[in-house]
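[1] would you be able to build a 3D model of this:
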Amino acid sequence: MEFASIEAIKECAKAGMGLTILPRVAVGPELGERALIALSWGGPPLEIVSQMVWHKDKWLSPALSAFLSCARSELGESG
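    Predicted structure coming up:
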């Protein structure tokens, strides 16, 4: 199944409808409450590709500029 909402995915897993792969940060409270449990993964490392886009000619607020700088620093920049 495919969902657009992490909350929907978590609720389905909590209802016993299957397994999911989500970032630990997305399920922290549920793991703490034992509503969900983490399983070991023996396969190859999982990689997630993310992209950020913005209009090159539009003004960037100081907050957005700081976020982009932080993201580049922490996550690296390709391209």
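[2] low-scoring stretches of this protein, by residue?
    Within the chain, the ranges that satisfy pLDDT under 70 run 77-79.
[3] look through it and tell me its longest helix.
    In the chain, assigned by DSSP state H, the helix with the most residues is helix 62-75.
[4] can you pull out the strands in this structure?
    With DSSP state E, there are no strands along the chain.
[5] what residues does stretch 18-34 touch?
    Stretch 18-34 is contacted by residues 1, 6, 9-10, 12-14, 36-39, 46, 48 when judged by C-beta atoms under 8 Å, 6 or more residues apart in numbering. Heads up, the C-betas are built off the backbone N, CA and C, glycines and all.
[6] which of those residues count as buried?
    Neighbour counting over the contacts of stretch 18-34 (16 or more other C-beta atoms under 10 Å) leaves 9-10, 13, 36 as the buried ones.
[7] returning to what we had before: in JSON lines, list the contacts of stretch 18-34 along with distance to residue 73.
    Below are the contacts of stretch 18-34 laid out as JSON lines (distance: C-beta to C-beta, whole Å):
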{"residue": "1", "distance to residue 73": "36"}
{"residue": "6", "distance to residue 73": "26"}
{"residue": "9", "distance to residue 73": "30"}
{"residue": "10", "distance to residue 73": "30"}
{"residue": "12", "distance to residue 73": "36"}
{"residue": "13", "distance to residue 73": "33"}
{"residue": "14", "distance to residue 73": "36"}
{"residue": "36", "distance to residue 73": "31"}
{"residue": "37", "distance to residue 73": "34"}
{"residue": "38", "distance to residue 73": "28"}
{"residue": "39", "distance to residue 73": "32"}
{"residue": "46", "distance to residue 73": "23"}
{"residue": "48", "distance to residue 73": "18"}
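[8] which of those sits closest to residue 67?
    Distance to residue 67 across the contacts of stretch 18-34 (C-beta to C-beta) is lowest for residue 48, with 18.5 Å.
[9] chain neighbours aside, what residue packs nearest to that closest one?
    residue 23 (7.9 Å; C-beta to C-beta, 6 or more residues apart in numbering).
[10] now do residue 12
    That would be residue 18: by C-beta to C-beta, 6+ apart, it lies 6.5 Å from residue 12.
[11] quick one: that neighbour and residue 10, what's the gap?
    Distance of residue 18 to residue 10, computed by C-beta to C-beta, to the nearest Å: 12 Å.
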